[in-house]
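1. this is a predicted model, with the sequence first.
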Amino acid sequence: MAIELTEAAATQVGGYLKQRDVEGLRLSVKATGCAGYEYIVGYAESIDDGDQVFETKGIPVVVDAKSLPLIDGTVMDYVTSGISKTFKFTNPNAAGECGCGESFNI
């Protein structure tokens, strides 16, 4: 089981984390979005029972037990296209995703 960040994502997230006193990046999903599940990216204020912590390129990534089976193996990237900058997810468990790439289905 693993969650990975690309160099670009690690650089971006590392900058955010330096500004806060948190445990790391929290990555989870919730049942919503136009394709079924939406990625939720935030700060891990704490590490709770059942959380898994993955260290990738020096960044702790915290994932809750319910989300992990849906996003196990996901690679998170940070991409720039013109004036748009966003996190992009490559999830091997996703059967499809919405046009914007922010939600997926299994």
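-> Noted; the coordinates are in hand. Residues are numbered from 1 along each chain as shown.
2. the residue most central in space within the chain in helix, strand or coil?
-> Geometric centre of the chain, nearest residue: Leu27, 4.1 Å, by C-alpha atoms, centre = their mean. Secondary structure assignment for Leu27 (DSSP: H, G, I helix; E, B strand; the rest coil): strand.
3. does it really touch Tyr39, like I thought?
-> Yes. The pair Leu27 / Tyr39 is scored as a contact, 7.1 Å apart, by C-beta atoms under 8 Å. Any C-beta I mention is one placed from the backbone N, CA and C, and that applies to glycine too.
4. and for these two, which residues touch both?
-> Ile71 (C-beta atoms under 8 Å, 6 or more residues apart in numbering).
5. contacting residues around the residue nearest to the centre of the chain?
-> Ile3, Tyr39, Ile40, Val41, Val61, Val62, Val63, Ser67, Ile71, Thr74, Met76.
6. TSV please, covering those and showing pLDDT and distance to Asn93.
-> Output for the contacts of Leu27, formatted as TSV (pLDDT from 0 to 100; distance: C-beta to C-beta, whole Å):
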residue	pLDDT	distance to Asn93
Ile3	93	12
Tyr39	89	12
Ile40	92	16
Val41	93	17
Val61	97	16
Val62	97	19
Val63	96	13
Ser67	94	11
Ile71	92	7
Thr74	94	8
Met76	95	14
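7. of those, closest to Val22?
-> Val62 (9.3 Å; C-beta to C-beta).
8. test my guess that that closest one contacts Val22.
-> No. With contact defined as C-beta under 8 Å, Val62 does not reach Val22; the gap is 9.3 Å.
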